[in-house]
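Undergrad: okay, here's the prediction I keep looking at, along with the sequence it came from:
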Amino acid sequence: MSTATVARDTVLATPELLEHILAQLPLHALLLRVPLVCRLWHATTRAPALQCALFFLPDPDPPSSSSASSEFSSSSAPAPAPAPVPNPLLAALFPPFFASPPPPDRYTWPTAHALMAMPAARTPAAFARADASWRGMLVARPPVRALRVVQRVHARGGDFARSATVEFRGAGRGEGEGEGEGGELRMGALYDLAAGGVKRAGSAFCVTWHAGEGEGRECDVTLETVDTMQFVDGRAGPLTEAFYGHGEGPRVKFAEWVCVLREP
C-alpha cells in the first residue's frame with residue numbers, strides 16, 4: 001500500500017478532518033449522498049457544524065447585524081435584526097414559499113396546484129413521509145423567530161380577515177426532531193400552515209420575507225392565505241391526500257374575524 005493511500009485513509013478515518021472535508025460539499029450531496037457511504041460518514045454528518053451547514057441547527061455565532069462602533073451606537077436601542085437568508089436547498093425544492101418579490105395580489109398567489117407541482121413533490125411517497133428530512137430544516141439563517149399568519153376570506157358578503165403572530169422561543173433541535181413549537185420556524189410547520197389554507201378550491205397562499213433594516217419589525221416572515229368562496233379559479237383545486245400536512249405544527253391563536261370590506 002502506497003504512502004499516499006495510507007495518508008488518504010488516515011485522513012478519511014479521522015472524524016475531525018473528515019468533517020472539514022465534508023463541509024465543502026454541496027448541500028444536496030451532504031444531505032442525501034454522504035450518509036449512505038458508510039457508518040462513519042453517516043455519524044459525521046450529525047456533528048454540530050455539519051448540522052448547522054445543513055440548516056438543522058442555527059448558527060451558534062451569527063454575524064452581527066450592525067457594524068457601527070460603540071462610540072456611535074445607543075446603549076439603550078438594540079441593533080436592527082438582520083434579514084433572514086432563505087435556505088437555498090429548500091428554496092430550490094419549494095419555490096412557492098421563497099418567491100422574491102412575492103406575487104403582487106391574491107389572483108396570482110400560489111394555489112394547491114403550485115404545491116403539487118413543486119420539485120420536492122416529484123416523489124410523493126418520500127415527500128409525504130412524516131419523518132422526511134426537509135420537515136426539520138430551518139427555513140432561513142438566522143432562524144425565523146416570529147411568523148405572522150393572516151387568513152382572509154373573500155365571500156359574497158364582503159372580505160374578512162384574522163391574524164396571529166407565532167413566536168418561536170424554545171431550544172434548537174437537530175435532524176430528525178420535531179418542527180412544531182420550538183426555537184425556530186422549520187419547513188414542516190410552514191408547509192403545514194400553508195397547505196391547511198389551500199385545501200378548498202378557490203384558495204391560495206403567499207409567503208412574504210421581510211427586509212431586516214426596519215427596527216421594530218414584528219415578524220421575519222408573513223404567511224397569508226385567502227379562501228375565495230364566490231367563484232372557483234380555474235387554476236385552483238383541492239390538494240390530494242398525499243400533500244396534506246403530516247406534522248404537529250405550532251398552535252396558532254388567532255384574533256377575532258374582522259370585516260375589512262363590506263359589499264353592498
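TA: Great, that's in hand.

Undergrad: which stretches of this structure have low pLDDT?
TA: Low-confidence regions of the chain, defined by pLDDT under 70, span residues 1, 62-82, 170-182, 212-218, 230-238, 241-242, 245-249, 263-264.

Undergrad: all strands for it, in order.
TA: Applying DSSP state E to the chain gives strands spanning 85-86, 140-141, 146-155, 158-167, 203-209, 221-228, 258-262.

Undergrad: now these in JSON lines, with distance to Thr44 and mean neighbour count?
TA: (Glycine included, C-beta is placed from N, CA and C.) Supplementary listing: the strands of the chain in JSON lines, determined by distance: least, C-beta to C-beta, whole Å; neighbours: other C-beta atoms under 10 Å:
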{"stretch": "strand 85-86", "distance to Thr44": "25", "mean neighbour count": "16"}
{"stretch": "strand 140-141", "distance to Thr44": "21", "mean neighbour count": "21"}
{"stretch": "strand 146-155", "distance to Thr44": "32", "mean neighbour count": "19"}
{"stretch": "strand 158-167", "distance to Thr44": "34", "mean neighbour count": "16"}
{"stretch": "strand 203-209", "distance to Thr44": "32", "mean neighbour count": "23"}
{"stretch": "strand 221-228", "distance to Thr44": "32", "mean neighbour count": "21"}
{"stretch": "strand 258-262", "distance to Thr44": "52", "mean neighbour count": "10"}
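
Undergrad: would you list those strands in TSV and tack on distance to Arg33?
TA: Below are the strands of the chain laid out as TSV (distance: least, C-beta to C-beta, whole Å):
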stretch	distance to Arg33
strand 85-86	23
strand 140-141	22
strand 146-155	32
strand 158-167	34
strand 203-209	29
strand 221-228	30
strand 258-262	49
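
Undergrad: so which of these gets nearest Pro110?
TA: Closest to Pro110 of the strands of the chain is strand 203-209 (C-beta to C-beta; 6.0 Å).

Undergrad: which secondary structure elements does the closest one contact?
TA: helix 187-195, strand 221-228 (3 or more C-beta pairs under 8 Å, 6 or more residues apart in numbering; DSSP states H and E).

Undergrad: got the angle for it vs helix 187-195?
TA: 140 degrees (axes from the mean of the first three to the mean of the last three C-alpha atoms, to 10 degrees).

Undergrad: so what touches strand 203-209?
TA: Here strand 203-209 makes contact (C-beta atoms under 8 Å, 6 or more residues apart in numbering) with 83-84, 86, 96-100, 102-103, 106, 109-112, 140, 190, 194, 197-198, 220-228, 233, 236.

Undergrad: and the protein, what are its domains?
TA: 3-53, 85-262 (automatic domain parsing).

Undergrad: dump those domains into a markdown table; add distance to Pro60 as well.
TA: Formatted as a markdown table, those follow (distance: least, C-beta to C-beta, whole Å):
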| stretch | distance to Pro60 |
| --- | --- |
| domain 3-53 | 7 |
| domain 85-262 | 9 |
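
Undergrad: re earlier: can the helices and strands packed on strand 203-209 go into JSON lines with extra columns for distance to Arg169?
TA: As requested, the helices and strands packed on strand 203-209 are exported to JSON lines (distance: least, C-beta to C-beta, whole Å):
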{"stretch": "helix 187-195", "distance to Arg169": "14"}
{"stretch": "strand 221-228", "distance to Arg169": "16"}
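
Undergrad: okay, the domains of the chain, which one's buried deepest?
TA: Comparing the domains of the chain by mean neighbour count (mean count of other C-beta atoms under 10 Å), domain 85-262 ranks first with a mean of 17.

Undergrad: quick one: end-to-end distance for that domain.
TA: 38 Å (C-alpha to C-alpha, to the nearest Å).

Undergrad: now it, how far from the centre of its chain.
TA: Distance of domain 85-262 from the chain centroid (C-alpha atoms, centre = their mean, to the nearest Å) equals 9 Å.

Undergrad: out of the strands of the chain, which is closest to Leu22?
TA: Each of the strands of the chain has some distance to Leu22 by C-beta to C-beta; the shortest is strand 140-141, at 18.8 Å.

Undergrad: what's that closest one packed up against?
TA: Going by 3+ C-beta pairs under 8 Å, 6+ apart, strand 140-141 lies up against strand 85-86.

Undergrad: what pairs with the strand it packs on, parallel or antiparallel?
TA: strand 140-141 (antiparallel) (DSSP bridges).
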